[in-house]
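could you look at this predicted model? Sequence included:
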Amino acid sequence: MQTIFSTKDFSLRYFGTEKLDEAFERAPADPTVDLNTQLVKLGHGLLSGKYSTPVKEVYDADDCENATLKPRQEGIPPRMFKTLIGTGHPEFSSTRQQDALEFFLHLLDHVERSNAGNPQLDPSRCFKFCVEERIFCPSGKVSYNRRIDNVLHLNIPLHAAINKDEVTAFEKKKAEKELAGEKFNSEEIVRPRVPLSACLASFSAPEEVHNFYSTALNAKTTAVKTSGLATFPDYLVLHMHKFVMEAGWVPKKLDVFIDVPDTIDISHMHSKGLQPGEELLPENVQRGPSASEAIVSQLASMGFPRLHCEKAAINTSNTGVEDAMSWLLSHMEDPDINTPIFTGRQNNTKLSPPVDEELVDTLVGFGFEADVARKALRATGGDIERAAEWIFSRPEDSVGMDLDVNSNSAPSTSDQALPDGEGSKSTNLVSLSYWYVLFSQTGLVI
C-alpha cells in the first residue's frame, strides 16, 4: 500500500484533494463498508506525517531506579481497511501468507468499482494500458487484437544471461560437490543474471502460432504473432514469471537475478496499428464453435444422435473422442441437449460448462491467462495436469480469446480513455525510472 500511495494518482485522490471530515460527510451511513472512505483514512495515515513520528523511549515502571526503557512507535494499524478489502475473499480475509500481485489486482478491481460513478476520479487508471497483438497470416494479410491490462507479464529468457560462463562453471562444480556428498553455502551460489531489457524484448519478439485458422485461406496454417503496447501507462507494473514447467508438468521456480537499470527505453515496444499497404483478414461473421467431423462420426457410429455428438465435441474443444464421450455421458439429461446449435459468436458462453476457480487460480499462478486456463479446464474435464498440457499444445487457442479477431487500428473509446505516457504520440520515447519492487509468490513484481 505504501508503494501504491507513492503514485501521484492515488496520493491526490485519497489525500491531496480529500479531507477526512469531508470524506466522512460524504460516506454512507456505515463508513466502515465504504472503500473510498477507508482509503482516504489510509492515505492520511500514510502521507500526512502525523503518524510517522520517530521512535520514542518511555519508562516501563513508575520506580525510576528499577525502570527499563521500552521502545514505542506512534502509528495506526489500518484494521478497518484490511477487514473491508478482504471481505468475501478466501485469502485476504485470513491471516495466511498472501500474494502481493494477487492483492494488487484485487485492490485495483475494487477501486475501479468504487469509482464507477465517476471514472475520471478512478486512480487505478494510471496502471492501465492497451496491449496490441498483430497476427501475420501466410496469405499476406493481418489481424490486430487488443486487450486492456494492469500488469505486463514477462518471461525470463535464461539464454540471455550475461554470466553464462560463470553459471556453467558453477553447475559443474556443484555437480562435483554433490557427487562427493559436500554442500554449498549460499555465498558460493552463482545465479544467472538476465537484463530486464532482454525480458522486454522477449515480449515483443515474433512468435509462431500453429494451427491458426485463416479466414483468407479457409484453412489452418502457421501464423506469426508479435505484441506491443498501444498505450503507455503512467506507471508500468511488470511481473516476471519465475515459474517454468518441467517434465511431467511439474512447476519449477527459477533462481535468477534480474538486472534492472535506473532508466530504460521502451520505445521499441510501441505498436503502430494497421500500416499502409496492410490488408486485414476478412471477418467470418458466422465463425463460432465448430465440431470435429472425425469425433462426431465416431460418436455417431456408436448410436448417439448427431446433434448430441456435435455438442460434445464443441464443449470439449475437439480434444478427442474420449473427452467428448465423457461430456456426452454426463450431459445426456440436460434440458437443452436437443436445442439446435447456433453458430454465431454469442453462443460460445452458453455452451461453456462451469470450471473450478481454484484450479483456474493455480494455472494463473503458473503464468497462464485466466480465460485460457478456463478454456483448457473445460476441454479436459477439470484435470489440471491435462489442462496445462492442452495449453502448451494449442498456443493458437490463447490468441485473442476475448478480443475482436479482426479489429482495425483505430483506437476504441476505452483505449482513448486510457492514460498514455508522455512522448509516446510524438517522439515515441518512453523511459521507466524510480523502480518500486514487490515480491509475489509467482514471481517478481516491479
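Sure, I can see it.

am I right that Val142 is in contact with Leu281?
Yes: the criterion here is Cβ atoms under 8 Å, and Val142 meets it with Leu281 at 6.7 Å. To be clear about C-beta, it is placed using only N, CA and C from the backbone, and glycine gets the same treatment.

look at those two and report which has more neighbours.
Leu281 (22 against 19; other Cβ atoms under 10 Å).

Tyr213 is in contact with that one, correct?
No: Leu281 is beyond contact range of Tyr213, at 9.9 Å (criterion: Cβ under 8 Å).

before we move on, back to that, tell me, what's touching Val142 and Leu281 both at once?
Ile135 (Cβ atoms under 8 Å, 6 or more residues apart in numbering).

where does this structure dip in pLDDT?
Scanning the chain for pLDDT under 70 picks out 53-75, 245, 247-249, 284-289, 342-354, 367, 381, 392-446.

regarding it, what is its longest strand?
Identified as the longest strand of the chain according to DSSP state E is strand 219-229.

helix or strand right after that one?
For strand 219-229, the following helix or strand on the C-terminal side (DSSP states H and E) is strand 237-241.

follow-up on the earlier one: buried set for the longest strand of the chain?
Within strand 219-229, the residues scored as buried using 16 or more other Cβ atoms under 10 Å are 221, 223, 225, 227-229.

could you do stretch 8-18 as well?
9-11, 13-15, 18.

check those residues against Lys183 and report the nearest one.
Comparing these against Lys183 with Cβ to Cβ places Phe10 closest, at 46.3 Å.

the closest one looks like it's in a helix, true?
Yes: applying DSSP: H, G, I helix; E, B strand; the rest coil, one finds Phe10 inside a helix.

that one and Val111: what is the separation?
Remark: distance between Phe10 and Val111 (Cβ to Cβ, to the nearest Å) = 8 Å.

overlap of the contact sets of those two?
Residues within reach of Phe10 and of Val111 at once, by Cβ under 8 Å, 6+ apart, are Pro123.

what about Phe103, neighbour count?
Phe103 has 18 nearby residues by other Cβ under 10 Å.

would you mark the buried spots in the helix or strand encompassing Glu166?
Here Glu166 sits within helix 164-179, counting by DSSP H and E. Buried positions in helix 164-179, judged by neighbour count with 16+ other Cβ under 10 Å: 167, 170, 174.

who touches the next helix or strand along the chain from that helix?
Per DSSP H and E, helix 164-179 leads on to strand 193-195 as the next helix or strand towards the C-terminus. With contacts defined as Cβ under 8 Å, 6+ apart, strand 193-195 is touched by 156-158, 160-163, 256-259, 261.

quick check on these: which are buried?
156, 160-161, 163, 256-258.

can I get those residues in JSON lines including distance to His44 and secondary structure?
Below are the buried ones among the contacts of strand 193-195 laid out as JSON lines (distance: Cβ to Cβ, whole Å; DSSP: H, G, I helix; E, B strand; the rest coil):
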{"residue": "Ile156", "distance to His44": "39", "secondary structure": "coil"}
{"residue": "Ala160", "distance to His44": "45", "secondary structure": "helix"}
{"residue": "Ala161", "distance to His44": "45", "secondary structure": "coil"}
{"residue": "Asn163", "distance to His44": "46", "secondary structure": "coil"}
{"residue": "Val256", "distance to His44": "40", "secondary structure": "coil"}
{"residue": "Phe257", "distance to His44": "38", "secondary structure": "strand"}
{"residue": "Ile258", "distance to His44": "35", "secondary structure": "strand"}
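
of these, just say which sits nearest to Ala29.
Of all the buried ones among the contacts of strand 193-195, Ile258 has the smallest distance to Ala29: 48.1 Å, by Cβ to Cβ.

please tell me how far the closest one sits from Phe304.
Taking Cβ to Cβ, one finds Ile258 at 53 Å from Phe304.

the stretch 301-446 of the chain: helices as residue ranges?
306-315, 321-330, 357-365, 370-379, 384-393, 413-416 (DSSP state H, counting those that start in this stretch).

what comes up buried for the fourth one?
Along helix 370-379, the positions that meet the burial threshold by neighbour count (16+ other Cβ under 10 Å) are 372-379.

what angle separates that helix from helix 306-315?
With axes from the mean of the first three to the mean of the last three Cα atoms, to 10 degrees defining the directions, helix 370-379 sits at 140 degrees from helix 306-315.

do the same with the second one
Counting by the same axes, to 10 degrees, helix 321-330 lies at 120 degrees to helix 306-315.

so how many other residues sit close to Ile391?
For Ile391, the count of nearby residues is 23 (other Cβ under 10 Å).

what sits against Lys8?
Contacts of Lys8 by Cβ under 8 Å, 6+ apart are 126, 234.

nearest to Phe103 among the buried residues of stretch 8-18?
Nearest to Phe103 among those: Phe10, at 14.7 Å, using Cβ to Cβ.

Val190 and Ser227, how far apart?
In terms of Cβ to Cβ, Val190 sits 32 Å off from Ser227.

to clarify, my last question referred to Phe104.
Taking Cβ to Cβ, one finds Phe104 at 22 Å from Ser227.

can you tell me the closest non-neighbouring residue to Val111?
Nearest non-adjacent residue to Val111, counting by Cβ to Cβ, 6 or more residues apart in numbering: Ser124, 4.6 Å away.

shouldn't that neighbour be within a strand?
No: membership of Ser124 in a strand is not supported by three-state DSSP, which gives helix.

surely it and Asn150 touch.
Yes: using Cβ under 8 Å, Ser124 makes contact with Asn150 at a distance of 7.4 Å.

any common contacting residues for these two?
Taking Cβ under 8 Å, 6+ apart as the contact rule, Ser124 and Asn150 both touch Leu108.

on that earlier part again, I'd like the contacts of strand 193-195 laid out as TSV, including distance to Glu25.
Putting the contacts of strand 193-195 into TSV (distance: Cβ to Cβ, whole Å) gives the following:
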residue	distance to Glu25
Ile156	49
Pro157	54
Leu158	56
Ala160	55
Ala161	57
Ile162	57
Asn163	59
Val256	51
Phe257	50
Ile258	46
Asp259	50
Pro261	47
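
before I go, just wanted to say thanks for your time.
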